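>>> model this:
(one chain, ligands or ions: 3)
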Amino acid sequence: MSQEQWTAVDRYITDLLVPPDTVLDAALQACEAAGLPPHNVSPNQGKFLQLLARVQGARTILEIGTLGAYSTIWLARALPADGSLVTLEADPKHAEIARANIARANLTEVVDLRLGRDLDTLPQLAAEDRGPFDLIFIDADKPSNPDYFAWALKLSRRGSLIVADNVVRNGAVVDAASNDPSVQGVRRFNELLAESPQVSATAIQTVGSKGYDGFVIAIVTAEL
Ligand code: SAH
Ligand code: DHB
Ligand code: MG
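Ligands and ions are numbered 1, 2, ... in the order given. Alright, predicted model coming up:
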């Protein structure tokens, strides 16, 4: 199997099940035009996240890692009228593109974009007594995943759903000796999931237009 085939099948799925949407398409174009890294989820992955949020009945969502707000828009559109989403981004250029994309999506009132390193903004959220969130999407710098998991638990309740992107990394996740800090961050995160009696978790490998990677999904099972 090749990247070409994975991309062709993603195109088939997307053409069939993910109708073109002027706002989402414009968001991707704005990211590309601004030279942002192509680290957004793919369209069918965006819809997958949106479906998870709907299954969860999420009214409050926390996203760690905004980029140009592509996944943000997918998730925010799953919310009921009184729902809200907080998204965290460290890079001012990414945040500027994200704000424009959020405005074009008419989601400025729904989405609270916080500019800053998330190991600063997460404690702020806790101090403000924000949360618990119904769904938390972890998708920022992978070496910090173990810290993000600890914060996700702090900002959760029994029943909260924690989702993390990029946990397979082209298969490199199985290399215990890897000197890639992202691989080590993801491995430690996966180990923490295994060690934490407060969550029930699994991971699913994915292939597609974004290559070979995977998602973690975890539900908080304990009263926190
Ligand atoms: N969720 C987005 C993709 C996020 S890419 C989507 O699917 O559309 C990861 C983002 O995390 C980048 O924009 C990067 O600037 C941001 N990031 C990396 N380290 C960070 C940190 N320490 N604090 C906050 N944001 C960070
Ligand atoms: C990277 C980060 C992401 O969130 C992603 O979806 C793909 C790649 C990265 O940092 O390489
Ligand atoms: Mg990602």
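>>> so who does whichever residue of the chain sits closest to ligand 2 touch?
Relative to ligand 2, the nearest point of the chain is residue 39 (3.7 Å; C-beta to the nearest ligand atom). For glycine as for every other residue, the C-beta is placed from the backbone atoms N, C-alpha and C. Listed by C-beta atoms under 8 Å, 6 or more residues apart in numbering, the contact set of residue 39 reads residue 67.
>>> residues in the protein within reach of ligand 2, list them.
39, 139, 165, 166 (C-beta under 6 Å from any ligand atom).
>>> can you give me the strands for the protein?
Per DSSP state E, the chain carries strands over the ranges 60-64, 84-89, 111-115, 135-138, 161-165, 199-208, 211-220.
>>> Would you map the helices across this structure?
Under the criterion DSSP state H, the chain contains helices at 3-17, 22-33, 43-56, 70-76, 92-104, 118-127, 145-154, 181-195.
>>> CA atoms only: put the shortest one into CSV for me.
To tie it back to what came earlier, the one meant is helix 70-76. The C-alpha trace of helix 70-76 is given here as CSV (Å, rounded to 0.1, in the frame of the first residue of the first chain):
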residue,chain,number,x,y,z
TYR,A,70,-9.5,24.0,10.8
SER,A,71,-10.1,21.3,13.4
THR,A,72,-11.6,24.0,15.7
ILE,A,73,-14.3,24.8,13.2
TRP,A,74,-15.2,21.1,12.7
LEU,A,75,-15.5,20.7,16.5
ALA,A,76,-17.3,24.0,17.2
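>>> how about it, does it get close to ligand 1?
Yes - residues of helix 70-76 contacting ligand 1 under C-beta under 6 Å from any ligand atom: 70, 71.
>>> Contact residues of the protein facing ligand 3?
Listed as neighbours of ligand 3 in the chain under the rule C-beta under 5 Å from the ion: 139, 165, 166.
>>> The same query, at a cut-off of 8 Å, please.
Within the chain, the positions near ligand 3 by C-beta under 8 Å from the ion are 39, 40, 41, 65, 71, 139, 165, 166, 213.
>>> Reformat these as a markdown table; add pLDDT and distance to residue 28.
Shown next, in a markdown table, are these (pLDDT from 0 to 100; distance: C-beta to C-beta, whole Å):
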| residue | pLDDT | distance to residue 28 |
| --- | --- | --- |
| 39 | 98 | 12 |
| 40 | 98 | 7 |
| 41 | 98 | 11 |
| 65 | 98 | 16 |
| 71 | 99 | 11 |
| 139 | 98 | 16 |
| 165 | 98 | 16 |
| 166 | 98 | 18 |
| 213 | 98 | 18 |
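>>> any chance of those residues in TSV, plus distance to residue 26?
As requested, those are arranged in TSV below (distance: C-beta to C-beta, whole Å):
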residue	distance to residue 26
39	18
40	13
41	16
65	21
71	15
139	21
165	22
166	25
213	25
